[in-house]
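Trainee: just the structure for this:
(chains A and B)
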Number of protein chains: 2
Amino acid sequence: MTPRPDRDPLPDTGPRRHANPRPDNGPRPEADHDTRPGRRGLLLAGTAGASALGVGAAAIGLDRALRGSAPAPGMADHAEAPLHGQATLPFHGEHQSGVGTPAQASSTYLALDLREEVDRDGIIRMLRLLTDDAARLTQGRPALADTEPELATAPARLTVTFGFGPGLLERAGVEVPAWLAPLPAFEIDELQEEFCDGDLLLQVAADDPLTVSHTARMLLKDSRAFTSVRWVQQGFRRAHGTERPGVTQRNLFGQVDGTANPQLDSNHFDTVVWIDEGPFAGGTSMVIRRIRMDLDGWDEADPTAREQSTGTKLSNGAPLSGTDEFDHVDFEKRSEHGFPVIPEFAHMRRARGVDEGVHDEIFRRPYNYEAPPAPGSGALSESGQIFTSFQADLLGQFLPIQQRLADLDLLNLWTTPIGSAVFAIPPGCEEGQYVGQSVIEG
Amino acid sequence: MTPRPDRDPLPDTGPRRHANPRPDNGPRPEADHDTRPGRRGLLLAGTAGASALGVGAAAIGLDRALRGSAPAPGMADHAEAPLHGQATLPFHGEHQSGVGTPAQASSTYLALDLREEVDRDGIIRMLRLLTDDAARLTQGRPALADTEPELATAPARLTVTFGFGPGLLERAGVEVPAWLAPLPAFEIDELQEEFCDGDLLLQVAADDPLTVSHTARMLLKDSRAFTSVRWVQQGFRRAHGTERPGVTQRNLFGQVDGTANPQLDSNHFDTVVWIDEGPFAGGTSMVIRRIRMDLDGWDEADPTAREQSTGTKLSNGAPLSGTDEFDHVDFEKRSEHGFPVIPEFAHMRRARGVDEGVHDEIFRRPYNYEAPPAPGSGALSESGQIFTSFQADLLGQFLPIQQRLADLDLLNLWTTPIGSAVFAIPPGCEEGQYVGQSVIEG
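Mentor: Sure thing, here's the model as predicted:
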């Protein structure tokens, strides 16, 4: 902000761009909690207003802002149309938001370690506090101890998703599920401890990066009496409104990435993702891996190598056996020379388990990361993917896929896992409860 | 991407979310260069489509994507409405874009140093190459040697702005303006060399972070035979569509920051920003300073201290002497105890030069930055502002402001400049020219 010649009288500049007065920044009215969404409706709440920006309003609003002219008659209604910054997703419910939620543009992952002196009661106090923060902030209201309430006014589909590491459950005196442990070591891994494991995960995602920043900071402030920061990862996807909703996004290699995901809001999604019995029923398992992508090496690969590495076309993500992105995949199809059109080392074929006669599925929610290069390193950037996947059965669904890919996957030439963690995502909670209450208190 | 069970036949999931087929990813048609924008029209090009997302289209598109249902009859037109990712700003013109352009959501700053062996001819070759890249990418077309052309399809108001440090001009045999030098040392500075100076600056800004990432990388690849990376800074503002266009944004302290800026597209803006004679006529001077913000310290300040530090109200950015953001500032107003309502140490009063009887102005285009904390540092984040300002006369406009703020400004308690650089922004160029041609070739 330095230097800042604020509030000059500016006698010579004509009317200021004042057409859209900022609303009062006091707390917003309570969100509409009366219409509790059902299982299917969970993801749809808030979307009606999510992009309710009329063509006329946008064009005229911007034009007016730039020219400083008075609003045209009859345009007031358009100018007052809600922006996507006001869109909210429910916090309470059967499942936590942020898993089956269409991926927001920005996501920050906070992994925290419990301080030595924090016991079961401390964990519960902390979770109550963080739950209250998340319940408010996701609805566009400041946290109770919010010192920058001015930054809490644009939730932009904010979700806060809690995950428990084995350390938290142990400390709380809760049995740790067998699957909740670091993944076995894979030969492809070059793990850096500063991106691995943790007692508590907070996934903070929204369509606005300032909202993510404010929320993450608020949660860190309220947790720091109980925890220390183990690692932080910041991810991005295409901005809200850059592409049509539902388009499968491309990663930093330019690949269409995510075509095979189970469709959100389907029975199939529920089967793949949600645990259906035991203490974590309604929850899921989360794998988060930081995968460095060798963009320079990738640039040297020719289009054929690139397409064969995944088994898909660069142009639109279609399987090499087909034409369109969602075409049925013909793994039997052979070239005129008799080789499989989708090679045996292709990522897609390996992940699916075609040649093992299986069919494993997970739900992926990937984000890009890009950090500036270390000074003097000669690198252009440190880039890659924050891979996250959710699956009901980590050992039965995720692990076989990861093992096959570690054994053989041409894409491994350009990708290196440098961070890895597993968390148990507890089910959602109702108002008055804290996230994880059913797990911790039984 | 690992693991990725792509292209499963998914016999049990019903229709896939296929309502919005991805367009062919080949090069897009040429942008409309025939209607070359005039001086005033420069900023308005592309805005008509910038947010052209109808209410119906957005709500229905998202609903459809989530439910996977077939499009409703008559909705095809809405579904095909352009998204803001397709908005472009002109590259060629009297001024470079990216200065008087309404600030995009994401901005990355690349500072490069010329390699020892690069001479005047090398500089010209490099600038031709980078100009060609920028001219294409800003219009949504891949660069000539683009190895990820799939990522060039959503310009989202992309601008690439070139700035020259003294080293580049010297090497090119061009006289270095007296003002093009590192700023004098200020007592408040704690400069880190890795965020200072540089021979060439590329400011890459767009409303989509993936577009910024791809563009920055493409420019770095095409410049690396000529330069090495000195520093990279990544900044963010509110996402496109989070708030109404033209609303003054808040910084990480929650302060409304930028009210006093000259209004875009006004004669006053031109006077404040553009150099009107000499080799840099049509260009400007740019200061970029990385200002660390002590968020923890700020959190401990009470609302009164916060408001007095700037002289403005937290709630809406109004001067303490007034009610609304753009109210006339009454620096003479006194409290019932006889003290100035806008204190003598207030940032706004110091920046303006009220008590020195002057009135200095610059144009600021600030971005937030937030980097994860260093592992084990105990910090929550490394946060602050990438301050950039543009002014016709660096010595006459910027320097007195900065000197006054360094001498006295309560806000200094919570802010520390840790990086600083000055660049000469050459004027814009016409098609067939390279950016800076008139400066380098006279």
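
Trainee: could I get the CA-only coordinates of whichever strand or helix holds A:Thr211 as PDB?
Mentor: Using DSSP states H and E, A:Thr211 falls within helix A:209-223. Taking Å, rounded to 0.1, in the frame of the first residue of the first chain, the C-alpha atoms of helix A:209-223 are listed here in PDB:
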ATOM      1  CA  PRO A 209      -8.500 -16.700  -3.700                       C
ATOM      2  CA  LEU A 210      -8.800 -13.800  -1.200                       C
ATOM      3  CA  THR A 211     -11.700 -15.700   0.500                       C
ATOM      4  CA  VAL A 212      -9.500 -18.800   0.600                       C
ATOM      5  CA  SER A 213      -6.600 -16.800   2.100                       C
ATOM      6  CA  HIS A 214      -8.800 -15.200   4.700                       C
ATOM      7  CA  THR A 215     -10.500 -18.400   5.700                       C
ATOM      8  CA  ALA A 216      -7.300 -20.400   5.900                       C
ATOM      9  CA  ARG A 217      -5.700 -17.700   8.100                       C
ATOM     10  CA  MET A 218      -8.700 -17.600  10.300                       C
ATOM     11  CA  LEU A 219      -8.600 -21.300  10.800                       C
ATOM     12  CA  LEU A 220      -4.900 -21.300  11.400                       C
ATOM     13  CA  LYS A 221      -5.300 -18.600  14.100                       C
ATOM     14  CA  ASP A 222      -8.000 -20.500  15.900                       C
ATOM     15  CA  SER A 223      -6.000 -23.700  15.700                       C
END
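
Trainee: for the following helix or strand past it, what is the average pLDDT?
Mentor: As assigned by DSSP H and E, the chain's next helix or strand after helix A:209-223 is strand A:227-236. Mean pLDDT, computed over strand A:227-236, is 96.

Trainee: stretch A:117-133 too?
Mentor: Stretch A:117-133 shows a mean pLDDT of 98.

Trainee: and that stretch, how far out from the chain's middle?
Mentor: Offset of stretch A:117-133 from its chain centre (C-alpha atoms, centre = their mean, to the nearest Å): 24 Å.

Trainee: ok, back up a step: average pLDDT across the helix holding A:Thr211?
Mentor: Confidence for helix A:209-223, expressed as mean pLDDT, is 97.

Trainee: likewise for stretch A:251-266?
Mentor: Average pLDDT, stretch A:251-266: 95.

Trainee: would you mark the buried spots in it?
Mentor: A:251-266 (16 or more other C-beta atoms under 10 Å in any protein chain shown). Just so you know, the C-beta spots here come from the backbone N, C-alpha and C atoms, and that holds for glycine as well.

Trainee: what do you get for stretch A:328-336?
Mentor: Here stretch A:328-336 shows A:Val329, A:Asp330, A:Phe331 as buried, counting by 16+ other C-beta under 10 Å.

Trainee: that one and chain B, are they touching?
Mentor: Yes - under the criterion of C-beta under 8 Å from any C-beta of the partner chain, chain B is reached by stretch A:328-336 at A:His328, A:Val329.

Trainee: ends of that stretch, what's the gap?
Mentor: Taking C-alpha to C-alpha, to the nearest Å, stretch A:328-336 runs 20 Å from one end to the other.

Trainee: and for stretch A:330-341?
Mentor: Distance between the two ends of stretch A:330-341: 9 Å, counting by C-alpha to C-alpha.

Trainee: run the chain-centre distance for it.
Mentor: How far stretch A:330-341 lies from its chain's middle: 37 Å, per C-alpha atoms, centre = their mean.

Trainee: then stretch A:187-204?
Mentor: How far stretch A:187-204 lies from its chain's middle: 16 Å, per C-alpha atoms, centre = their mean.

Trainee: what comes up buried for that stretch?
Mentor: Under the neighbour-count criterion of 16+ other C-beta under 10 Å, stretch A:187-204 has A:188-189, A:191, A:194-204 buried.

Trainee: which one of those is nearest chain B?
Mentor: A:Glu194 (4.1 Å; C-beta to the nearest C-beta).

Trainee: now do the closest one, the pLDDT please.
Mentor: 91.

Trainee: can you check the one 3 residues further on too?
Mentor: Model confidence at A:Asp197, given as pLDDT, is 98.

Trainee: my read: it touches A:Pro182, true?
Mentor: Yes - counting by C-beta atoms under 8 Å, A:Asp197 does reach A:Pro182; the two are 6.1 Å apart.

Trainee: which residues does the residue most central in space within chain A contact?
Mentor: Nearest to the mean C-alpha position of chain A, by C-alpha atoms, centre = their mean, lies A:Ser107 at 4.9 Å. Each residue near A:Ser107 by C-beta atoms under 8 Å, 6 or more residues apart in numbering or on different chains is listed here: A:Gln203, A:Val204, A:Ala205, A:Val212, A:Gln234, A:Gly235, A:Phe236, A:Arg237, A:Tyr367, A:Ile386.

Trainee: and the first one, what does it touch?
Mentor: The neighbourhood of A:Gln203, defined by C-beta under 8 Å, 6+ apart, consists of A:Gly98, A:Ser107, A:Thr108, A:Tyr109, A:Thr159, A:Val160, A:Thr161, A:Gly163, A:Thr388.

Trainee: number of residues surrounding the fifth one?
Mentor: Looking back up the chat, that one is A:Thr159. Neighbours of A:Thr159 under the rule other C-beta atoms under 10 Å in any protein chain shown: 24.

Trainee: bridging residues for it?
Mentor: As for beta bridges, A:Thr159 partners with A:Ala205 under DSSP bridges.

Trainee: equivalent analysis for the second one, please.
Mentor: Taking DSSP bridges as the rule, A:Ser107 bridges to A:Ala205, A:Gly235.

Trainee: element containing A:Thr416?
Mentor: Assessed by DSSP H and E, A:Thr416 sits inside strand A:415-425.

Trainee: helix or strand right after that strand?
Mentor: Later in the chain than strand A:415-425, the nearest helix or strand by DSSP H and E is helix A:437-441.

Trainee: quick one: average confidence on that following helix?
Mentor: 97.

Trainee: if we can go back for a sec, from chain B, how far off is the residue nearest to the centre of chain A?
Mentor: 12 Å (C-beta to the nearest C-beta, to the nearest Å).

Trainee: pLDDT score assigned to that residue?
Mentor: For A:Ser107, pLDDT reads 98.

Trainee: residue boundaries of the helices in the stretch 301-442 of chain A?
Mentor: A:303-310, A:347-352, A:399-407, A:437-441 (DSSP state H, counting those that start in this stretch).

Trainee: just confirm A:Ala206 contacts A:Thr108, I think it does.
Mentor: No - A:Ala206 is beyond contact range of A:Thr108, at 9.3 Å (criterion: C-beta under 8 Å).
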